[in-house]
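Peer 1: can you look at this prediction? I've put the sequence above it.
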Amino acid sequence: MAWGANDYGQSTVPEGLSNVIEVAAGVAHSVALKSDGTLLVWGATDNRTNVPPGLSNVVAVSAGDYHTLALKQDGTVVAWGENYDGQSDVPKDLTNVAAVAGASRHSLAVKSDGTVVAWGLSHEVTSAQITVPLGLSNVVAIATSGDDIVALKSDGTLAAWGDNNHAQTAVPASLGNVVAVVGGGLHCLALRADGTVVSWGSNGFGQTNVPPGLSNVVSIAADWSQSHALRTDGTIVDWGDGGYYGEHITPEDLNNLVAVSAGDYHTLALKGDGTVMAWGSNAQGQSTIPSGLSNVVAIAAGLNHSLAVKSHGTVLAWGDNSYGQTEVPEGLSNVVAVAGGIHSFALRSDGTVVEWGYNGIGTNMPTDLSNVVAIASAALHCLALKSQGTVSAWGWNPGPVAPPTHLTNVVAIAAGHYHSLALKSDGTVVAWGDNTYGQTNVPVGLSNVVAIAGGYGHSLALKDDRTVVAWGGNWAHQSDRLAGLTNVVAIASGGYQNLALLSAVTVVSARFFGVKQHANGVTDLRLLAEPGFVYQIQSSANLQSWETLAILTNRTGGIYYLDAEASGHPARFYRTKLQ
């Protein structure tokens with residue numbers, strides 16, 4: 001089986017493939033060794049997949065980034081694929097080989113006498129030939145991690161050399177009893193005789209955070225951003241893939257959350273006590289929460305900056321200010337929501353919108369924009385949901401910016417990097433804009449949706465059963481890690497990352513599936529709820545103070561209607577609460 005990126009077909013296992021005894025994977029190609037000593041290679045259609053004619057009697061394989069090594073039964077090695085650094089130039093007199101390993105720019109062979117032979121270049125920014133430490137002996141296995149090398153010796157100790165920019169050659173002191181070693185992108189894993197795992201090197205993705213208590217491991221593997229362990233019971237444990245800057249690694253003390261927001265490489269979380277937490281990239285200070293920030297009621301993560309709305313309706317911004325996106329307009333008040341890309345904009349309680357920051361996106365915000373109840377923003381385009389259920393859009397992306405003609409009855413909006421999403425009152429989703437990765441191909445039959453989110457080339461929908469559906473690009477696993485995810489109450493997406501806010505208790509479903517304001521000032525609310533619960537229907541003009549309009553006991557699980565005179569209840573926002 002194969003899964004993950006498949007842009008070159010590297011995860012599409014050839015039909016009928018069987019009798020496989022070993023596999024290997026490069027950047028965009030896969031290799032299978034069959035029990036009859038032959039190989040099958042698939043993926044990128046270049047010299048990586050051109051197996052030398054007549055190759056047979058193979059007993060082991062290894063895949064470098066762009067080349068492949070095959071160890072034959074007679075102890076010789078065959079290599080093919082890219083050779084720009086000499087990584088496929090097997091030394092002519094190389095014999096008696098017991099193991100092979102392919103790296104990014106070089107290759108390695110362990111001989112039956114325990115010595116190591118290497119060829120190719122040592123580092124991506126140098127032209128020096130790869131070398132082996134003098135006197136290295138008694139080696140039984142070898143692994144590579146980027147441009148570094150780790151050798152397992154017969155006494156269960158390790159020797160490491162090469163690039164150490166992420167401490168990947170800094171083998172933990174006193175590490176012994178090792179029976180296997182593997183290398184990922186910039187990290188290493190060691191399996192000990194007692195079935196436990198040790199990891200070191202780069203941890204930007206959480207790939208060296210071995211799960212506490214992990215035991216009974218019989219095999220290990222690693223890729224660029226993840227680590228994997230096979231246990232004796234046949235189960236696989238995975239960890240890592242925390243994002244380029246740790247944006248997927250949630251802080252341990254994260255709890256009592258009421259909202260989340262994702263930027264390109266950082267994440268914001270709003271807690272119930274009005275404080276904010278942030279993690280991930282902090283290159284522009286976007287994850288450094290201003291000292292004393294409290295009483296926050298809404299948050300938004302731009303590409304590389306952050307926004308917070310305080311309970312009295314003012315806005316605080318921090319992080320990247322290359323285009324003035326953190327320079328909040330003086331006197332801005334009565335704000336109820338914010339959004340940001342490489343610019344910022346704020347929704348005020350009177351339904352007007354204020355925008356600041358980058359303004360090179362082709363068109364300015366419409367001058368007659370009013371009656372707005374929600375806003376969304378991506379890198380270069382913006383959306384506004386109006387009280388009558390229509391959507392306004394401006395800015396730029398490669399696909400259509402303007403919403404589809406006659407789009408109505410919209411209750412929520414979301415902006416992906418270059419595409420847009422709208423949730424309709426009937427629980428269906430409409431998407432438009434760039435569709436390079438299928439991000440606007442809403443799954444056929446998708447219904448009962450209560451929330452939406454868009455990232456870079458992918459889309460998310462939260463259903464009323466608290467499960468999540470994703471579609472679009474998946475090269476960073478942004479669309480395929482939803483199995484078993486339940487009890488979700490909110491979703492967010494930014495860049496290649498997704499966030500799901502989970503309820504610690506069983507969720508009782510209650511949502512408005514219809515909100516319409518009639519010409520006579522009457523607001524018609526339709527509530528879908530579960531039987532056996534009492535709900536408060538509340539309204540607010542500013543999202544800060546709430547007034548109870550009605551108390552409803554749902555005895556049948558049916559639909560309730562509530563008509564409120566606009567003159568008596570000048571509300572723009574509604575919510576339900578369990579009494």
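Peer 2: Received, thanks.
Peer 1: pretty sure residue 415 is touching residue 377, no?
Peer 2: Yes - using C-beta atoms under 8 Å as the test, residue 415 is close enough to residue 377 to be in contact (5.6 Å). All C-beta spots, glycine's among them, are computed from the backbone N, C-alpha and C.
Peer 1: mutual contacts of these two, please.
Peer 2: Shared contacts of residue 415 and residue 377 (C-beta atoms under 8 Å, 6 or more residues apart in numbering): 339, 341, 383.
Peer 1: in JSON lines: these, plus distance to residue 445 and neighbour count.
Peer 2: Converted to JSON lines, the shared contacts of residue 415 and residue 377 look like this (distance: C-beta to C-beta, whole Å; neighbours: other C-beta atoms under 10 Å):
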{"residue": "339", "distance to residue 445": "30", "neighbour count": "27"}
{"residue": "341", "distance to residue 445": "32", "neighbour count": "28"}
{"residue": "383", "distance to residue 445": "25", "neighbour count": "25"}
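Peer 1: lowest pLDDT pick from those?
Peer 2: Taken together, these show their lowest pLDDT at residue 341, with 91.
Peer 1: hang on, that one packs against residue 377?
Peer 2: Yes - between residue 341 and residue 377 there is a contact at 4.7 Å, judged by C-beta under 8 Å.
Peer 1: mutual contacts of the two, please.
Peer 2: Common neighbours of residue 341 and residue 377 (C-beta under 8 Å, 6+ apart) are 302, 415.
Peer 1: report pLDDT for the residue nearest to the spatial centre of the chain.
Peer 2: For the chain, the residue nearest the mean C-alpha position is residue 497 (2.7 Å; C-alpha atoms, centre = their mean). If you check residue 497, the pLDDT there is 79.
Peer 1: what's across from it in the sheet?
Peer 2: residue 494 (DSSP bridges).
Peer 1: pretty sure it contacts residue 262?
Peer 2: Yes - using C-beta under 8 Å, residue 497 is in contact with residue 262, at 5.5 Å.
Peer 1: quick one: the nearest residue to residue 103 once chain neighbours are set aside from residue 122, how far?
Peer 2: Excluding its sequence neighbours, the residue lying closest to residue 103 (C-beta to C-beta, 6 or more residues apart in numbering) is residue 144, at 3.8 Å. When distance is defined by C-beta to C-beta, to the nearest Å, residue 144 is 11 Å away from residue 122.
Peer 1: find residues that contact each of those two.
Peer 2: residue 106.
Peer 1: ok, the two, which is more surrounded?
Peer 2: For residue 144 versus residue 122, neighbours defined as other C-beta atoms under 10 Å are more numerous around residue 144 (25 against 21).
Peer 1: which helix or strand contains that one?
Peer 2: strand 139-145 (DSSP states H and E).
Peer 1: what does that strand rub up against?
Peer 2: In contact with strand 139-145 (C-beta under 8 Å, 6+ apart) are residues 98-99, 101-104, 106, 108, 110, 114-116, 149-154, 159, 168, 180-188, 201, 222.
Peer 1: so who does the closest residue to residue 59 other than its chain neighbours touch?
Peer 2: Spatially, and ignoring its direct neighbours in sequence, residue 59 is nearest to residue 73 (5.2 Å; C-beta to C-beta, 6+ apart). Neighbour list for residue 73: 37, 57-59 [criterion: C-beta under 8 Å, 6+ apart].
Peer 1: tell me the one of the shared contacts of residue 415 and residue 377 nearest residue 323?
Peer 2: Within the shared contacts of residue 415 and residue 377, the smallest distance to residue 323 is 9.9 Å, found for residue 341 (C-beta to C-beta).
Peer 1: and residue 408, that one's in a strand?
Peer 2: No - checked against DSSP: H, G, I helix; E, B strand; the rest coil, residue 408 lies outside a strand; its state is coil.
Peer 1: what's near enough to touch it?
Peer 2: Residue 408 neighbours (C-beta under 8 Å, 6+ apart): 388-390.
Peer 1: write a ChimeraX command that selects only the buried members of the residues you listed.
Peer 2: Buried members of the contacts of residue 408, defined by 16 or more other C-beta atoms under 10 Å, are picked up in ChimeraX with:
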select :389,390
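Peer 1: domain ranges for this structure?
Peer 2: The record assigns the chain these domain ranges, following automatic domain parsing: 20-240, 245-359, 380-486, 510-578.
Peer 1: just put the ones you listed in a markdown table and tack on distance to residue 6.
Peer 2: Formatted as a markdown table, those follow (distance: least, C-beta to C-beta, whole Å):
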| stretch | distance to residue 6 |
| --- | --- |
| domain 20-240 | 9 |
| domain 245-359 | 21 |
| domain 380-486 | 8 |
| domain 510-578 | 36 |
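Peer 1: chain center to stretch 108-120: distance?
Peer 2: How far stretch 108-120 lies from its chain's middle: 38 Å, per C-alpha atoms, centre = their mean, to the nearest Å.
Peer 1: and residue 386, what does it touch?
Peer 2: Residue 386 neighbours (C-beta under 8 Å, 6+ apart): 370-373, 392.
Peer 1: I misspoke; the intended subject was residue 65.
Peer 2: Going by C-beta under 8 Å, 6+ apart, the list of residues near residue 65 reads 26-27, 82, 102-105.
Peer 1: which member of these is positioned nearest residue 283?
Peer 2: When the contacts of residue 65 are compared against residue 283 (criterion: C-beta to C-beta), the nearest one is residue 104, at 25.5 Å.
Peer 1: hang on, the closest one packs against residue 148?
Peer 2: No - counting by C-beta under 8 Å, residue 104 sits too far from residue 148 to count as a contact (10.4 Å).
Peer 1: so the two - more neighbours on which side?
Peer 2: Neighbour totals were compared for residue 104 and residue 148, and residue 148 leads with 26 against 22 (other C-beta under 10 Å).
Peer 1: and the closest residue to that one other than its chain neighbours, what pLDDT?
Peer 2: Sequence neighbours aside, residue 162 is the residue nearest to residue 148 in space, at 3.6 Å (criterion: C-beta to C-beta, 6+ apart). Looking at residue 162, its pLDDT is 83.
Peer 1: ok, residue 162 touching residue 183?
Peer 2: No - the criterion here is C-beta under 8 Å, and residue 162 misses it with residue 183 at 10.1 Å.
Peer 1: out of these two, which sits in the busier spot?
Peer 2: residue 183 (23 against 20).
Peer 1: ok, that one to residue 86 distance?
Peer 2: 20 Å.
Peer 1: what's the answer for residue 164, then?
Peer 2: Taking C-beta to C-beta, one finds residue 164 at 23 Å from residue 86.
Peer 1: out of the contacts of residue 408, which sit inside strands?
Peer 2: Assigned to strands by DSSP state E, none of these qualify.
Peer 1: and of the contacts of residue 408, the nearest to residue 322?
Peer 2: residue 390 (33.0 Å).
Peer 1: could you report the pLDDT at the residue nearest to the closest one when sequence neighbours are not counted?
Peer 2: Nearest non-adjacent residue to residue 390, counting by C-beta to C-beta, 6+ apart: residue 408, 6.0 Å away. With respect to pLDDT, residue 408 scores 94.
Peer 1: what about the stretch 201-350 of the chain, any weak spots by pLDDT?
Peer 2: The stretch 201-350 of the chain contains residues with pLDDT under 70 at 204-205, 241-253.
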